[in-house]
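In: Give the three-dimensional model of this entry:
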Amino acid sequence: MSALLNSLTTELRRGTLTLAVLSQLRTPQYGYSLVQRLERCGITIDQSTLYPLLRRLEKQELVTSTWDTSESRPRRYYVLSEFGIEIYHQLKSEWEKTSHELYLLLKGED
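Out: Okay, here's the model as predicted:
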């Protein structure tokens, strides 16, 4: 792949990662479990991308986090806030609308 294509692919994925992460936080997840869930669906995300994204989502009040210290290794769990649930549903709807429109545009290339 050329450097330009890599750059454009990264740009294309950037916005979709937020929606992908939000979709998996309807139930509490810690970082590694979130990475695994996303990978099972074919979405790879580096921890160097994931944790800053989770911190940003928390700062935007879309997710909340709590520490679980009941096991030998403490884990920080993230889950959608009430506001996050609302925003997630709106983003999901917007994604469905946009992806349908894009599908129609791309289909017209045949």
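In: Which pLDDT value belongs to Glu109?
Out: With respect to pLDDT, Glu109 scores 71.
In: same check, this time on Leu12
Out: 86.
In: Extract the C-alpha trace of the helix or strand hosting it and format it as PDB.
Out: According to DSSP states H and E, Leu12 maps onto helix 3-24. The C-alpha trace of helix 3-24 is given here as PDB (Å, rounded to 0.1, in the frame of the first residue of the first chain):
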ATOM      1  CA  ALA A   3       1.800   6.000   2.000                       C
ATOM      2  CA  LEU A   4      -1.200   8.000   0.700                       C
ATOM      3  CA  LEU A   5      -3.500   5.000   0.800                       C
ATOM      4  CA  ASN A   6      -2.400   4.200   4.300                       C
ATOM      5  CA  SER A   7      -3.100   7.800   5.400                       C
ATOM      6  CA  LEU A   8      -6.500   7.800   3.800                       C
ATOM      7  CA  THR A   9      -7.400   4.400   5.300                       C
ATOM      8  CA  THR A  10      -6.400   5.600   8.700                       C
ATOM      9  CA  GLU A  11      -8.500   8.800   8.300                       C
ATOM     10  CA  LEU A  12     -11.500   6.700   7.200                       C
ATOM     11  CA  ARG A  13     -11.200   4.300  10.200                       C
ATOM     12  CA  ARG A  14     -10.700   7.100  12.800                       C
ATOM     13  CA  GLY A  15     -14.300   8.100  13.000                       C
ATOM     14  CA  THR A  16     -15.600   4.500  12.800                       C
ATOM     15  CA  LEU A  17     -13.500   3.400  15.800                       C
ATOM     16  CA  THR A  18     -15.400   5.700  18.100                       C
ATOM     17  CA  LEU A  19     -18.700   4.200  17.100                       C
ATOM     18  CA  ALA A  20     -17.200   0.700  17.300                       C
ATOM     19  CA  VAL A  21     -15.900   1.300  20.800                       C
ATOM     20  CA  LEU A  22     -19.200   2.800  22.000                       C
ATOM     21  CA  SER A  23     -21.100  -0.200  20.600                       C
ATOM     22  CA  GLN A  24     -19.200  -2.500  22.900                       C
END
